[in-house]
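> structure for the following, please:
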Amino acid sequence: MTPSRLLLDTHVFLWWRGEPSRLSSEVRNRIASADLVFVSVASAWEAAIKVSLGRLDLPDTIEAGVLASGFEKLLITFSHTEHAASLPPHHLDPFDRMLVAQAQAEGLTLVTHDRLLQPYEVEILWA
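Sure thing, here's the model as predicted:
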């Protein structure tokens with residue numbers, strides 16, 4: 001069996017931590033039973049911007065939530081940035097484009113609810 005390696009979109013991680021009922025039981029089970037679950041530093045950056053704009057309130061840091069969940073941090077590499085820059089413009093959000101690039105580069109399944117990511121050649125688990 002192929003190892004299950006997931007990359008959580010920012011909203012999926014936030015739902016996992018604060019509103020797990022927004023995720024289907026199948027998605028919750030897939031996350032809980034995955035071999036590795038990653039949260040990108042891009043998601044921490046995106047959340048920090050939303051917190052600073054008053055659009056998001058977090059009980060703790062993203063890093064603390066990642067560690068408490070037993071997930072892994074996925075750092076952004078120069079290769080990831082170059083890959084993101086080469087993606088077709090299906091989606092213009094830079095954070096989502098980075099997650100697609102990271103999932104493609106690292107062979108990860110992206111867990112998202114964002115249907116605008118569907119045109120990209122990346123394995124998606126729909127949340």
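> what residues are up against residue 98?
Residues in contact with residue 98 (C-beta atoms under 8 Å, 6 or more residues apart in numbering) are 40, 42, 76, 80-81, 84. Yep, even glycine has a C-beta here, placed from its N, CA and C like the rest.
> now, of those residues, which are buried?
Buried subset of these (neighbour count, 16 or more other C-beta atoms under 10 Å): 40, 42, 80, 84.
> contacts only, for the third one.
Applying C-beta under 8 Å, 6+ apart, one finds that residue 80 lies in contact with 98, 101-102, 105.
> burial check on residue 43, number of neighbours?
25 (other C-beta atoms under 10 Å).
> what's the answer for residue 126, then?
14.
> quick one: low-confidence residue ranges for this structure.
Residues of the chain that meet the criterion pLDDT under 70 lie in 1-2.
> hey, where'd the helices end up in it?
10-18, 25-33, 41-52, 62-69, 78-86, 94-106 (DSSP state H).
> re the thing from before, buried among the contacts of residue 80? Make that a PyMOL selection.
The following PyMOL line selects those of the contacts of residue 80 that are buried, judged by 16+ other C-beta under 10 Å:
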select buried, resi 98+101+102
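> just put the contacts of residue 80 in a markdown table and tack on distance to residue 89.
Formatted as a markdown table, the contacts of residue 80 follow (distance: C-beta to C-beta, whole Å):
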| residue | distance to residue 89 |
| --- | --- |
| 98 | 14 |
| 101 | 13 |
| 102 | 18 |
| 105 | 18 |
